[in-house]
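In: Let's see this in three dimensions:
(one chain, ligands or ions: 1)
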Amino acid sequence: KKLFAVIGDPIAHSMSPVMHNDLFQAYEIDAYYQPLHVKREDLEVAIKGLKAIGIAGFNVTVPHKEAIIPLLDELDPLAKSIGAVNTVVNENGKLIGFNTDGSGYVRGLLEELPSLQDKKVLVIGAGGAARGIYFTMAQAGVVQLDISNRTVSKANVIVSECPFDVQSEVLNMDEAEKNLGQYDLIIQTTLAGMAPNIQELPISIQHLKAGSFVSDIIYNPLETTFLQEAKKNGADIQNGLNMFVFQGALAFEKWTGIFPDTKRMRKIVLSQLG
Ligand code: ATR
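Out: Now for the predicted structure:
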């Protein structure tokens, strides 16, 4: 039996094991996917251990996505420029790191918005998730890709380090709020509005352009306060479930060569969310 895993801290609530184990069953692959709780200080020894037991591949989640990089044998160029790895493939004993978070986001988005080329886009936030999404959106090619963050300097770093050419402006939150009506697509990547008790929005979301699309990377809750407000203001909305499902599908494809049934994956995750 091939062994796969996800490493993180915390890890108990990860939906990846149930999603991937269901796929292994569905495609009759003799493999098992195990959640592994790995603390920050144990990362190096944990990776050595995984290599020693011949792990076939694994996912990497918070807080290890950046720290794992020097521990790998090879790095995909996009993962290198993003500076974060969420998927590792063991190729004949060599651990190779990839990033399917940003590409998963874009693939999931394309299900709802078939054309990105004509879109003016605003990314809100400048953390690790925003960086992956910004780079892959720039690579996908959009008319304009602006970014706003509470700490503007972090947004400046993302723009200056992006390896793909794109028309872009960095905005503070007040400017972003004032300019919202310009954007066809607004992508919320901060943790604000996540739990029901965090009602604070990163920016207030009024005066949207008619027909605009608002996307949030959070999927638990399925509708953040931010998405609820966007809907009230007439936008079409998308939660983070597609990003999660498609990052998983792209990882599964790297491990098995099969691009799996994403509708099946959605159903499994939704059933777990209750
Ligand atoms: P991740 O790597 O998972 O994206 P992160 O690096 O902690 O997480 O980034 C969190 C993002 O949420 C950042 O853009 C952060 O803004 P700062 O860079 O200014 O810290 C943003 N964020 C968190 N809480 C916020 C709040 N209450 N209002 C606005 N932005 C917030």
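
In: sec struct for Ile203, please.
Out: At Ile203, secondary structure determined by DSSP: H, G, I helix; E, B strand; the rest coil is coil.

In: And the pLDDT for it?
Out: Per-residue pLDDT puts Ile203 at 80.

In: let's number from 45 now, not from 1
Out: Sure, I'll start counting at 45 from here, so that last one is Ile247.

In: didn't it look like it was pressed against Ile168?
Out: Yes: using C-beta atoms under 8 Å, Ile247 makes contact with Ile168 at a distance of 6.5 Å. Every C-beta, even on glycine, is put in place using the N, C-alpha and C of the backbone.

In: Give the residues shared as contacts by those two.
Out: Shared contacts of Ile247 and Ile168, defined by C-beta atoms under 8 Å, 6 or more residues apart in numbering, comprise 192, 220.

In: Of those two, which one has the most company?
Out: The residue with the greater number of neighbours, taking Ile247 and Ile168 and applying other C-beta atoms under 10 Å, is Ile168; the counts read 27 against 23.

In: Distance-wise, check that one relative to Glu221.
Out: According to C-beta to C-beta, to the nearest Å, Ile168 and Glu221 sit 10 Å apart.

In: Spit out the residues that contact those two alike.
Out: Both Ile168 and Glu221 are in contact with Ile247, where contact means C-beta under 8 Å, 6+ apart.

In: Leaving out sequence neighbours, find the closest residue to the residue of the stretch 145-294 of the chain found nearest the ligand.
Out: Distances from the stretch 145-294 of the chain to the ligand, computed as C-beta to the nearest ligand atom, single out Gly171 as the nearest residue at 2.1 Å. Taking C-beta to C-beta, 6 or more residues apart in numbering as the measure, Gly171 lies nearest to Thr233, with 6.6 Å between them; neighbours along the chain are not counted.

In: quick one: Asn264 from Ser197, how far?
Out: In this structure, Asn264 and Ser197 are 30 Å apart, going by C-beta to C-beta.

In: Between these two, which has more neighbouring residues?
Out: Applying other C-beta under 10 Å to Asn264 and Ser197 shows that Asn264 carries more neighbours, namely 17 against 9.

In: Quick check, that one in contact with Leu317.
Out: Yes: between Asn264 and Leu317 there is a contact at 6.1 Å, judged by C-beta under 8 Å.
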